[in-house]
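**Student:** heads up, no residue letters with this:
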């Protein structure tokens with residue numbers, strides 16, 4: 001949403017489906033991203049049951065087809081399609097300029113994974129010619145050594161998108177990548193655009209953990225927060241973090257509303273986290289509103305939101321694996 005706002009995109013639709021209550025609450029005001037406007041704005045599109053349709057979104061193409069009236073009633077010539085599961089900062093106008101200059105039907109954003117950055121079989125892998133035209137596109141191959149992967153960002157002319165969605169739906173095809181991008185790669189002019197700067201997908205536990213740990217690096221933080229363009233989010237008014245006597249914090253991100261009594265190293269603490277006396281938190285992510293009792297050790301873990309961890313507990317991720325901690329104990333006992 002910040003990328004859209006900074007690129008001066010004035011109409012944005014978010015397709016939500018499963019377990020979307022917290023996301024919908026996050027989006028309940030569009031003012032944080034400057035989408036509170038008379039023309040355009042922020043729209044949240046959920047599956048709508050009608051006499052013609054009684055199903056949830058059956059894929060990415062179906063999600064757009066079920067809201068095809070939104071596309072038909074719009075007047076913008078181009079559509080930017082993005083995934084919500086990636087972390088990056090970009091100017092979509094530069095990608096649009098490339099799309100227009102290449103006279104492309106569809107432009108696909110891509111990046112080249114560094115060795116060990118991620119598993120390329122999780123993504124669509126691409127091969128292009130010297131002009132950038134996509135020669136092959138394989139979605140989530142079983143085995144590959146190709147490190148050029150799609151970032152899930154596409155630009156396409158609105159009228160062309162409407163036509164492709166209508167044809168795909170008539171043939172009961174519901175996935176944008178498999179049923180449109182891959183299917184038409186030889187008949188449509190599809191070009192690749194290399195995304196600049198940092199990019200990471202957070203759709204798995206390991207990638208989510210690695211991306212959060214990346215933000216402990218100064219260069220990554222400076223890239224996202226140090227200069228133009230800014231990153232915006234819904235603001236919650238919390239008191240600043242409080243570090244009580246005896247607290248020790250090193251190389252960590254601590255959000256507002258936290259109270260720290262123990263030791264925190266190489267970790268990310270979200271809002272309203274309480275760390276008890278003599279606790280040790282290392283290489284971990286503690287999500288919103290977690291209470292950690294005294295004398296507790298947490299290493300290489302992700303602690304779920306609103307959890308309550310009793311005193312004198314130990315949680316460790318072993319053998320290089322991240323452990324998910326879900327503890328819904330009673331926090332207050334009368």
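**Tutor:** Noted; the coordinates are in hand. All of these numbers come straight from a predicted model, not from anything done at the bench. Numbers count the residues shown, from 1 in each chain.
**Student:** what does the lowest-mean-pLDDT helix or strand in the chain rub up against?
**Tutor:** When each helix and strand of the chain is scored by mean pLDDT, DSSP states H and E, helix 21-26 comes last, with a mean of 90. Contacting residues not belonging to helix 21-26 are listed as 14, 16, 44, 234 [CB atoms under 8 Å, 6 or more residues apart in numbering]. All C-beta atoms are positioned from the backbone trio N, CA, C, and that covers glycine.
**Student:** let's see 7 Å
**Tutor:** With CB atoms under 7 Å, 6 or more residues apart in numbering as the test, helix 21-26 has contacts from 16, 44, 234.
**Student:** Just among these, which is most surrounded?
**Tutor:** For those, neighbours were counted using other CB atoms under 10 Å, and residue 16 has the most, 17 neighbours in all.
**Student:** Now do the spatially most central residue of the chain, the pLDDT please.
**Tutor:** Compute the mean C-alpha point of the chain, and by CA atoms, centre = their mean the closest residue is residue 85, 2.6 Å away. Confidence at residue 85, expressed as pLDDT, is 92.
**Student:** Make sure it is actually in contact with residue 201.
**Tutor:** Yes. Using CB atoms under 7 Å, residue 85 makes contact with residue 201 at a distance of 6.0 Å.
**Student:** nearest to residue 168, of the contacts of helix 21-26?
**Tutor:** Of all the contacts of helix 21-26, residue 168 sits closest to residue 16, with 21.2 Å by CB to CB.
**Student:** quick one, what contacts that closest one?
**Tutor:** Per CB under 7 Å, 6+ apart, neighbours of residue 16: 23-24, 44, 46.
**Student:** and residue 57, how many neighbours?
**Tutor:** 20.
**Student:** quick one: contacts for it?
**Tutor:** 15, 17, 47, 63, 66.
**Student:** go with 6 Å
**Tutor:** 17, 47, 63 (CB atoms under 6 Å, 6 or more residues apart in numbering).
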